[in-house]
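>>> below is the sequence, then the predicted model.
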Amino acid sequence: MKKIIALALALVMVLALVACGNTNTADNKYNTITPGVLTVATSPDYAPYEFYALDKDGKATLAGFDMALAQYIADELGLKLEVVPMDFNGILGEMAAKTADLAIAGLSPDPERLEAMDFSDTYYEGKQAFVTTKENAAKFTDLASTNKAELTIAAQTGTIQEDLAKEFSPLAKYVSLPKATDIIGELIAGTIDGAYVEWDVAAAYQANYPQLTTLCEVPYEAEGNVIGVLKGNTALLEAVNTALNKCVDSGEFSKFVAEALELAAGDTANYVEGEGIVPNA
Ligand code: ARG
């Protein structure tokens, strides 16, 4: 009898262990940094990708099609979404340090970044632009005309647009700015002559600041936007690709883009160091 009890007890313990093991894997089947949570790094200075939209009471919320996509993926994976806003350059560091599961920030699949992260499939066809103001437009005729020593040209720190500035305007004085919204501010203030930014970002800010104008498209090889996935987390990469393709193929993503464009044309805000979230003029 004793033997049977001992056996039964042992069996209960084994079953309990197996159950425990199962719950643990089920809890974190995508190996996210925090079980049950999808930690997403972004740089919300980038309408219509990610930005702060103001509602009618002046309350700022993170908006943009990247943010809608982040929520969609989190829901598909059954995870709670946690978005961590930071400057773009910080995202690259964060991914290299493996402190975020995903980078969703209008990221270009620059092969140099593959050391720090894996890339999802492409979810958006972004292209590059050279932006200036209507006031400065007479200084330029084409992309080649941006390459002059008397010009001051900017791009966002850590972005592929910095490479474009060095490639197409090497003679110009180069200014590296931490936020894309800093670039818009400097352009309007007249402290810089032009800047390299993503095409749709240029268009979105032009909707709010009619002083801005796009000179031309800028050729760039690693086209389109991808999601950066924590290096080596193949379970997460596969799940992200499945969710992302479902989102795009079902037409849901097109709706996110339309919504983001509409919000970006309305009141937006910007994070200012030391001041917090401040409405844009
Ligand atoms: N596509 C460019 C890159 O990957 C710029 C991205 C900037 N993103 C942002 N949210 N500010 O380098």
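Here it is on my side, so go on.

>>> what residues does this structure have near the ligand?
Within the chain, the residues that sit near the ligand (Cβ under 6 Å from any ligand atom) are 43, 45-46, 49-50, 88, 105-108, 156, 159-160, 180, 198. C-beta here means a position set from N, CA and C on the backbone, and glycine is covered the same way.

>>> could you work out the most separated pair of those?
The widest separation within the residues of the chain next to the ligand, taken as Cβ to Cβ, falls between 50 and 160 and amounts to 16.9 Å.

>>> helix or strand: which one has the residue sitting nearest the centre point of the chain?
Against the mean C-alpha coordinate of the chain, by Cα atoms, centre = their mean, the closest residue is residue 105 at 0.5 Å. Using DSSP states H and E, residue 105 falls within strand 102-107.

>>> residues in contact with that strand?
Strand 102-107 is contacted from outside by 38-43, 46, 49-50, 66-67, 69-70, 73, 88, 91-92, 94-95, 113, 117, 124, 126, 198, 201, 225-230, 236, 240, using Cβ atoms under 8 Å, 6 or more residues apart in numbering.

>>> in its sheet, what does that strand sit against?
Using DSSP bridges, strand 102-107 pairs in its sheet with strand 37-42 (parallel), strand 226-230 (antiparallel).

>>> what are the boundaries of the helices in the stretch 151-281 of the chain?
Here the stretch 151-281 of the chain has its helices, by DSSP state H, counting those that start in this stretch, at 160-168, 180-189, 199-208, 234-249, 252-264.

>>> looking at the residues of the chain next to the ligand, which one is closest to residue 253?
residue 49 (12.5 Å).

>>> ends of stretch 98-118, what's the gap?
End-to-end distance for stretch 98-118, by Cα to Cα, to the nearest Å: 11 Å.

>>> cool, stretch 106-117 as well?
One end of stretch 106-117 sits 15 Å from the other (Cα to Cα).

>>> off-centre distance for that stretch?
Offset of stretch 106-117 from its chain centre (Cα atoms, centre = their mean, to the nearest Å): 12 Å.

>>> renumber starting at 611 from here on
Okay, using 611 as the starting number, the last item reads as stretch 716-727.

>>> pull out the buried residues from it.
Within stretch 716-727, the residues scored as buried using 16 or more other Cβ atoms under 10 Å are 716, 717, 718, 719, 720, 723, 726, 727.

>>> now the second one, which residues is it bridged with?
According to DSSP bridges, the partner residues bridging residue 717 are residue 836.

>>> thinking again about what came up before, mind giving me TSV with the strands paired with strand 712-717 and columns for mean pLDDT?
Compiled in TSV, the strands paired with strand 712-717 are given as follows (pLDDT from 0 to 100):
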stretch	mean pLDDT
strand 647-652	98
strand 836-840	98
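
>>> which one, of those strands, ends up nearest to residue 816?
With respect to residue 816, and counting by Cβ to Cβ, the nearest of those is strand 647-652 at 22.2 Å.

>>> list the buried residues for that closest one?
In terms of neighbour count (16+ other Cβ under 10 Å), strand 647-652 has its buried residues at 648, 649, 650, 651, 652.

>>> and those residues, which is closest to the ligand?
residue 652 (6.3 Å; Cβ to the nearest ligand atom).

>>> residues in contact with that closest one?
By Cβ under 8 Å, 6+ apart, the neighbours of residue 652 are 660, 672, 676-677, 680, 693-696, 701, 713-715.

>>> residues near the closest residue to residue 829 other than its chain neighbours, how many?
The shortest distance from residue 829 to any non-neighbouring residue, by Cβ to Cβ, 6 or more residues apart in numbering, is to residue 738 (7.5 Å). Around residue 738 there are 21 other residues, counting by other Cβ atoms under 10 Å.

>>> now residue 869
16.

>>> using the three-state scheme, assign the nearest residue to it once chain neighbours are set aside.
Leaving out its chain neighbours, the residue that sits closest to residue 869 by Cβ to Cβ, 6+ apart is residue 678, at 6.9 Å. Following DSSP: H, G, I helix; E, B strand; the rest coil, we place residue 678 in the helix state.

>>> contacting residues for residue 678?
By Cβ under 8 Å, 6+ apart, residue 678 lies in contact with 866, 869, 870.

>>> nearest to the ligand, of the residues you listed?
The ligand has its nearest neighbour among the contacts of residue 678 in residue 870, at 12.7 Å by Cβ to the nearest ligand atom.
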